[in-house]
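1. Have a look at this prediction, sequence included:
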Amino acid sequence: MPAPSFSPPGAPRLVLPDAKPAPPADAAVRITPSAFRFTGNSLFSSGQLAELLANLVDQPTTLAGLTAAASTVAAYYRSQGYLLTEAYLPEQAFAATGGTVTIRIIEAKIGRALIELDGGGQSAGKTFVEELLASHLKKGADVTEYALDKPVLLLRDLAGHDATATVEPGNDTGEVNVRVSVTSKGLYADGAVMLDNHGASAAGAVRAMATANVNNLMGRGDVLSIGGQISDQPGSNFYRLGYVLPVGGQGTRLSANTARLNYALGKQFAALGATGKADILSLGLSHPLIRGRNANLYAQVNAEQKRLTDDTASPVLRSERDISSLRAGLSGNFTDNLTGRLGLNSYGVNITSGQLKLSPADLAVDEGVGGLRTAGAFSKINLDYQRTQYLPGAASLHFIGQAQWASKNLGSAEKLSLGGPNGVRAYPVGEGLGDSGALFSLEYRYLLPAAMLPFGEPLSLVTFYDYGHVRVNQNGPGVPGAANSKTLGAVGVGAILGRSGNFLIKTHLAWRTTGTSPTTGDADAAPRAWLSAQSWF
């Protein structure tokens, strides 16, 4: 469950209560305050607020100047996220010189949370919505931008749901009511189809995939998803079934997934009669630690069981492996303006602890002379970071980086792979496997002018550089003196047409910048071409 994308503009919509009217300002009245006194403040100390007005002490001013001083205090509150705080001058007698000026502060508190459900009874369910809102919009809580945003965004995270919040005056002074409007599509289906050449050559490079989602089965934003994949190599296919269920009022989600991968090797490996399968079962939990417009942070835990079987007909061999693992991590995203222009960032860190069990025959090889000793307990740490930096005009710069560190020699299913369309693009899928290593890509994209856009969809031209390095076996090779590292690099060009949610076509051409030729058995290509086309429904 990846971190959610940045929220759409306009969420939530806020209608603010009218501010207190300013007292009449007589420009002829001159006042020289010796100090400022604050009442009603609990979020910030009087000393903190006094620092904001230090330049006005012992300086002559007018009633308009004092009103502006109160506005300065209110603006400070709002800059800290307290959008509805008011500061004004209460009735008081002003000394011409040496007097203390009182500023009254009203720190807005939540009164009631009012719910409006629209969707013919098909919304997330009144009880579920009430539970979520009650967890976040508690009576007497401070009114902040984040406090108003989070429950609305959590509701919007539910499949097929939208929500907005309107702030209204409450019954008591300093109290506001929050009216949350929730709409739902009800029970509906969506999905996507995709065609690409991103598969391993011998197992079927050309692949056709389809995914279908049934949303809102239980009326609370849950999703049942079914996916399948076939390839141009008979016997190579993939099937997946998954379910995600929101639980509780804090945005927590439970997930369950099961998948079956079948493969059959052709081309240069056809004589082996090599086939295999992988059965995968996973259970996951995701919880939002931060859910906001410009920053999100999720904690995730995932337990996974893999059963892998490989067979060859000539010679007759069978390899069986069971991998149990538990992964815990954090993922999130945030925006910034470090360069004076918008930057989008996403990141993740995961720690995996697992156990690899081998069949007796495989274990004997693994522990024998030249064996890699992969069986038993293992752990690894994975890091990833992505950044999109918008540049002047229609250009943008995209960075993608990932790294892995392993505690020992890993089985092939747990290794980092450098090659392929999502790695060093001049090399085939499966090239450059390693226990520990790093991989990054840097892309420059230019969005063509509107007059040149086909079908009215955005078209970006791309140039890129990819680089990766791995340590093949963490504890050294099984054969002394054998090479134990690999470095791959590539440059290339490409194009991206369309957008997610409608249709998206990507094509890339990549050339090697390192002398290493492919070792997976695939023919070298200069350039190596990748193509994918996806459509959503």
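-> Everything's here; your move.
2. rest of the way, CA atoms for contacts and neighbours
-> Will do.
3. Can you tell me how far residue 445 is from residue 420?
-> Separation of residue 445 from residue 420 (C-alpha to C-alpha, to the nearest Å) stands at 20 Å.
4. With residue 499 instead?
-> Distance check for residue 499 against residue 420: by C-alpha to C-alpha, it reads 22 Å.
5. Could you check which of these two is surrounded by more residues?
-> Set residue 499 next to residue 420 and count neighbours by other C-alpha atoms under 10 Å: residue 420 wins out with 20 against 14.
6. check contacts around the more buried one.
-> Applying C-alpha atoms under 8 Å, 6 or more residues apart in numbering to residue 420 gives the contacts 198, 426-431.
7. Over to residue 159?
-> 215-216, 221-223.
8. and if you look at residue 103?
-> Taking C-alpha under 8 Å, 6+ apart as the test, what residue 103 contacts is 36-39, 70, 87-90.
9. related to what we said a few turns ago, give me the buried entries from the contacts of residue 420.
-> With burial judged by 16 or more other C-alpha atoms under 10 Å, the buried subset of those is 198, 426-431.
10. burial count for residue 244?
-> That count, for residue 244 with other C-alpha under 10 Å as the rule, works out to 20.
11. What of residue 452?
-> Neighbours around residue 452, by other C-alpha under 10 Å: 12.
12. can I assume residue 364 sits in a strand?
-> No: under the criterion used here (DSSP: H, G, I helix; E, B strand; the rest coil), residue 364 is helix, not part of a strand.
13. Roughly how far does it sit from residue 357?
-> Residue 364 is 12 Å from residue 357, by C-alpha to C-alpha.
14. Would you mind telling me which of these two has more residues around it?
-> Between residue 364 and residue 357, residue 357 has the larger neighbour count (other C-alpha under 10 Å), namely 18 against 13.
15. which element is that one on?
-> strand 343-358 (DSSP states H and E).
16. tell me the mean pLDDT for that strand?
-> The average pLDDT for strand 343-358 rounds to 98.
17. quick revisit: redo the contacts of residue 420 as CSV? Include pLDDT and distance to residue 266.
-> Formatted as CSV, the contacts of residue 420 follow (pLDDT from 0 to 100; distance: C-alpha to C-alpha, whole Å):
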residue, pLDDT, distance to residue 266
198, 97, 16
426, 97, 22
427, 97, 19
428, 96, 16
429, 95, 15
430, 93, 16
431, 95, 18
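18. quick one: the helices in this protein?
-> Remark: helices assigned in the chain by DSSP state H are 46-52, 63-79, 126-136, 145-157, 201-204, 360-367.
19. now those helices in a markdown table, with distance to residue 328?
-> Shown next, in a markdown table, are the helices of the chain (distance: least, C-alpha to C-alpha, whole Å):
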| stretch | distance to residue 328 |
| --- | --- |
| helix 46-52 | 41 |
| helix 63-79 | 35 |
| helix 126-136 | 25 |
| helix 145-157 | 22 |
| helix 201-204 | 32 |
| helix 360-367 | 28 |
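20. closest to residue 242 out of those helices?
-> In terms of C-alpha to C-alpha, the element of the helices of the chain nearest to residue 242 is helix 145-157, at 17.6 Å.
21. So which elements touch that closest one?
-> helix 126-136, strand 161-169, strand 275-291 (3 or more C-alpha pairs under 8 Å, 6 or more residues apart in numbering; DSSP states H and E).
22. what lines up beside the longest one in the sheet?
-> On the basis of DSSP bridges, the sheet neighbours of strand 275-291 come out as strand 252-264 (antiparallel), strand 295-313 (antiparallel).
23. Repeat that for the second one.
-> Strand 161-169 pairs in its sheet with strand 175-184 (antiparallel), by DSSP bridges.
24. Quick check, pLDDT for residue 10.
-> With respect to pLDDT, residue 10 scores 42.
25. pLDDT wise, what is residue 450 at?
-> 82.
26. Please apply the same query to residue 95.
-> 83.
27. go on, the one 10 residues further on?
-> Per-residue confidence at residue 105 stands at 96 (pLDDT).
28. Could you list the domains of the chain?
-> 32-106, 109-184, 315-536 (automatic domain parsing).
29. Between the two ends of the first one, how far is it?
-> What it means is domain 32-106. By C-alpha to C-alpha, the extent of domain 32-106 from end to end equals 25 Å.
30. Run the chain-centre distance for it.
-> Between the centre of domain 32-106 and the centre of its chain there are 42 Å (C-alpha atoms, centre = their mean, to the nearest Å).
31. Now do residue 154 against residue 135, distance only.
-> 12 Å.
32. should've said residue 402
-> 36 Å.
33. quick one, which of these two is more surrounded?
-> residue 402 (20 against 13).
34. just to revisit the earlier point, so can I have JSON lines of the contacts of residue 420 showing distance to residue 495?
-> Output for these, formatted as JSON lines (distance: C-alpha to C-alpha, whole Å):
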{"residue": "198", "distance to residue 495": "16"}
{"residue": "426", "distance to residue 495": "16"}
{"residue": "427", "distance to residue 495": "19"}
{"residue": "428", "distance to residue 495": "20"}
{"residue": "429", "distance to residue 495": "21"}
{"residue": "430", "distance to residue 495": "24"}
{"residue": "431", "distance to residue 495": "24"}
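35. what angle separates the worst-scoring helix or strand of the chain on mean pLDDT from strand 175-184?
-> Sorted by mean pLDDT, DSSP states H and E, the helices and strands of the chain end with helix 126-136, the least confident at a mean of 86. Put simply, helix 126-136 runs at 140 degrees to strand 175-184, going by axes from the mean of the first three to the mean of the last three C-alpha atoms, to 10 degrees.
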